[in-house]
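Asker: Next comes the sequence, and after it the predicted model I'd like to discuss.
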Amino acid sequence: MSIRYPHLFTPLKVGNVTLKNRIMAAPMSIPELTEDYFPTPATVGFYETRAKGGAASVTVGDCVVHRETGMAHAGLQIAFDDPRIARDMARIAQAIKWHDCIPGIELAHGGMFGGVPCLANPAAKGKQSYGPVDFVMENGIVVKAMDEDMMHKIAQAFADAAKRAKMCGFEMIIFHGGHGWMFNQFLSPYTNRRTDKYSGSTENRCRFPILILKAVREAVGPGFPLDFRMSGSELFEGGYGIDEGCRIAEILQDYLDIIHVSVGNHERLETFPRTHPTLFLPHGVNVEFAAEIKKHVKIPVATLGGISDPDMAEEIIASGKADIVCMARALIADPEWPNKARAGQPDEIRRCMRCLSCLSIVPTTHLHRCALNPESAKESSFRVSPFPFKKKKVLVAGGGPGGMQAALTAGRRGHTVILCEASGSLGGQILCERFVPFKDDYFAFSQWLIRQLAKLPNVEVRLNTKVDPELVNILAPDVLLCAIGAEPIVPPIPGIDGENVRFIHDLKKAADPGVGKNVAIIGGGLVGCETAVHFHRLGKNVTIVEMLEDVAIDAPFFHRAGLMPELEKGVRRLTNTKAKEIRPDGLLCAGPDGKELFLPADTVFCAAGMRSRTEELSALRAAVPDCRALGDCTKPGRVLDAVHSAYMIALDL
Ligand SMILES: Cc1cc2nc3c(=O)[nH]c(=O)nc-3n(C[C@H](O)[C@H](O)[C@H](O)COP(=O)(O)O)c2cc1C
């Protein structure tokens, strides 16, 4: 049988295991842990689901080998040095293995960021942190230089952890050697300013990592695959670049079976958008680093970073840029990605939008959520999804992402569904992203939903059909799912109805809906800022006018880290500034000091927020005994909020 992605699905022998294809799930950790940092059933379900989806290996991320000195995150890292953890970890390894997938484990140590109350790590209170050199961090934390005794102690901790990993059933070890954590701190000339044999030349800086790799090799024996995740380049002034990255890989390869090339350094926020490529960057933006390193080593090289298209993954392997493609977010959004690619069905894949919701709410709420995949990290709860007690006639009002997801989930559960959309096309708010190139994955998600709906014979879609009480009466559904969305707020500013004013929905028509060279944007929230980036990329002079002290404060934390540098490229921002009047030739504002300021502009774009369609919702609630509302019509939010509430409500039926 011919397959569509032959290179991607060619097995690869690594040490004493064979990867059944070239797709590895990148190390991922999720905050579904106990207070002692032990896995929970949700943790098991998360990894097992990715294994079932067809990846060659699945790696449990961030397992700390020495909590006393190495724990750096709160609630994300597994306490792998606690011997009592063996049973839970064995459960995960088995769950992965039972799906014909290699269970991998990432062994980690935070180095100078470990053992300190950094990244809100309450477990570290009062503990000492150790790094390459003595120094005081910006937040006042005193870092002690590791002496050789401590280095040997940590190497032993890695060896003990490796033995435990093998005993638990893991078949591959990945060292977290990049992104600014301990290995990286020793490899980097920026942080490793020791004066002994562990510093200076690249060889010397590799000495401590090699000490650990040797100890681990002795612990696990020959043939057991060892994979080293490194930053190919640290991507900041003073850190190492790709040339030295190649040299590091060259030196370390003798102790390894795979070199796994990421980039950047967590502790330098400006590199975060490259480590987890944001939607402002091209897909596969870091492949070039792996390709360069591959020229210098004899062992297989893995690449990753914003890869979600099977054609791209196939090309990377076929062209020899890398031997393995790793994916994190793509497999969060759709764990079945590998199975769908293997079946030659790329259009079936629900592609990650790189909105970074999966990471952004972790620091605040300790939750992992994927905007597109409501089951992510909750797989164990959905394992048994009982069929409905009674099949119902379900009317869904509104064909945005929430309405479509509700119709899809209800339809898949066997209900008879009618989905009505007032306009001529499905997609709702997402249609505003249609012509914004860096948001094409958002639009792709709406198209994915449309394709899935089309496959269900029990779901009927009616376009140009507004659901009102009269229609509800005629159709007489058992339940009405109301997903009628929100509409732009039109602030009472003189001139707002002028011909030079545009709103977000105008972007449904074209990339440039008649916007002149000079644009003033009222509202510096996420929508206003992303629109500013879009217009700036179209070559316009853009000024954002925002009443608050800063812009994009509603943006997910890590998405904002990618958005702000885009604004820095040339979008003017006037904060603490209020729009007072729109004139044919510009926008009159009141500045922070209350003084008037006139901004000459050809077009004023209004991004003053959205308001829920509450009156319509109330009328619909009154029209049927069982009406359930979801998404923006309850509170304007993000795709994540709409999709998750839709999924849950449809499961309730
Ligand atoms: C939810 C989430 C958890 C992650 N956890 C880890 C981790 O535990 N260890 C690690 O080395 N990288 C971790 N990463 C980084 C990924 O392994 C990967 O390097 C990054 O997401 C870029 O790949 P992608 O574009 O395919 O998502 C995580 C990423 C995400 C999105």
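Answerer: Received the coordinates, thanks. Residues are numbered from 1 along each chain as shown.
Asker: what ranges of the chain fall below the confidence cut-off?
Answerer: 1-2, 74, 116-126, 267, 363, 383-386 (pLDDT under 70).
Asker: for it, longest helix please?
Answerer: helix 148-168 (DSSP state H).
Asker: Would you enumerate the residues in contact with whichever residue of the stretch 151-300 of the chain sits closest to the ligand?
Answerer: At 4.5 Å from the ligand, residue 276 is the closest residue in the stretch 151-300 of the chain, using CB to the nearest ligand atom. No exception for glycine: its C-beta is placed from N, CA and C like everyone else's. Taking CB atoms under 8 Å, 6 or more residues apart in numbering as the criterion, residue 276 is in contact with 305, 328-329, 356, 359, 558.
Asker: Number of residues surrounding the closest residue to the ligand within the stretch 451-600 of the chain?
Answerer: With CB to the nearest ligand atom as the measure, residue 558 is the residue of the stretch 451-600 of the chain nearest to the ligand, at 8.8 Å. Number of residues near residue 558 (other CB atoms under 10 Å) recorded here: 23.
Asker: who touches the nearest residue to it once chain neighbours are set aside in this structure?
Answerer: Nearest residue to residue 558, sequence neighbours excluded (CB to CB, 6 or more residues apart in numbering): residue 356, at 4.3 Å. Counting by CB under 8 Å, 6+ apart, residue 356 touches 276, 278, 556, 558-559, 562.
Asker: Now render the residues you listed as CSV, adding secondary structure and distance to residue 45.
Answerer: Putting the contacts of residue 356 into CSV (DSSP: H, G, I helix; E, B strand; the rest coil; distance: CB to CB, whole Å) gives the following:
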residue, secondary structure, distance to residue 45
276, coil, 23
278, coil, 28
556, coil, 24
558, helix, 24
559, helix, 26
562, helix, 30
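Asker: Show me which of these is closest to residue 609.
Answerer: residue 556 (16.9 Å; CB to CB).
Asker: now that closest one: how far from residue 503?
Answerer: Using CB to CB, to the nearest Å, we find residue 556 at a distance of 23 Å from residue 503.
Asker: How about residue 329?
Answerer: Residue 329 is 31 Å from residue 503, by CB to CB.
Asker: do residue 608 as well
Answerer: In terms of CB to CB, residue 608 sits 9 Å off from residue 503.
Asker: Name the residues contacting each of those two.
Answerer: Common neighbours of residue 608 and residue 503 (CB under 8 Å, 6+ apart) are 488, 490.
Asker: okay, those two: which has more neighbours?
Answerer: residue 608 (21 against 17).
Asker: Make sure the more buried one is indeed in a helix.
Answerer: No - under DSSP: H, G, I helix; E, B strand; the rest coil, residue 608 falls outside any helix and is assigned coil.
Asker: and residue 519, bridged to which residues?
Answerer: residue 542, residue 603 (DSSP bridges).
Asker: what's the neighbour count on residue 39?
Answerer: 23.
Asker: The closest residue to it other than its chain neighbours: how many residues sit nearby?
Answerer: Leaving aside its sequence neighbours, residue 39 sits nearest to residue 88 (CB to CB, 6+ apart; 4.5 Å). When counting by other CB under 10 Å, one arrives at 19 neighbours for residue 88.
Asker: Now the element after the helix or strand harbouring residue 88, going C-ward?
Answerer: For residue 88, the element it lies in under DSSP states H and E is helix 86-97. Next in sequence after helix 86-97, counting helices and strands by DSSP H and E, comes strand 102-108.
Asker: and this protein, which residues reach the ligand?
Answerer: 26-29, 61-62, 106, 176, 229, 262, 276-277, 304-307, 327-330, 358-359, 368 (CB under 6 Å from any ligand atom).
Asker: For residue 525, grab phi and psi.
Answerer: phi -80, psi -170 (degrees, to the nearest 10).
Asker: dump the residue contacts of it.
Answerer: 546, 551-555, 607, 609.
Asker: Serialize the residues you listed to JSON lines and add fields for secondary structure.
Answerer: As requested, those are exported to JSON lines (three-state DSSP):
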{"residue": "546", "secondary structure": "coil"}
{"residue": "551", "secondary structure": "coil"}
{"residue": "552", "secondary structure": "coil"}
{"residue": "553", "secondary structure": "coil"}
{"residue": "554", "secondary structure": "coil"}
{"residue": "555", "secondary structure": "coil"}
{"residue": "607", "secondary structure": "coil"}
{"residue": "609", "secondary structure": "coil"}
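Asker: which among these end up buried?
Answerer: Among the contacts of residue 525, those that count as buried by neighbour count (16 or more other CB atoms under 10 Å) are 546, 551-552, 555, 607, 609.
Asker: What is the most widely separated pair among the contacts of residue 356?
Answerer: 276 and 556 (11.7 Å).
Asker: quick one, what contacts the residue of the stretch 51-200 of the chain found nearest the ligand?
Answerer: Proximity of the stretch 51-200 of the chain to the ligand (CB to the nearest ligand atom) peaks at residue 61, 2.4 Å away. Going by CB under 8 Å, 6+ apart, residue 61 touches 27-29, 106, 108.
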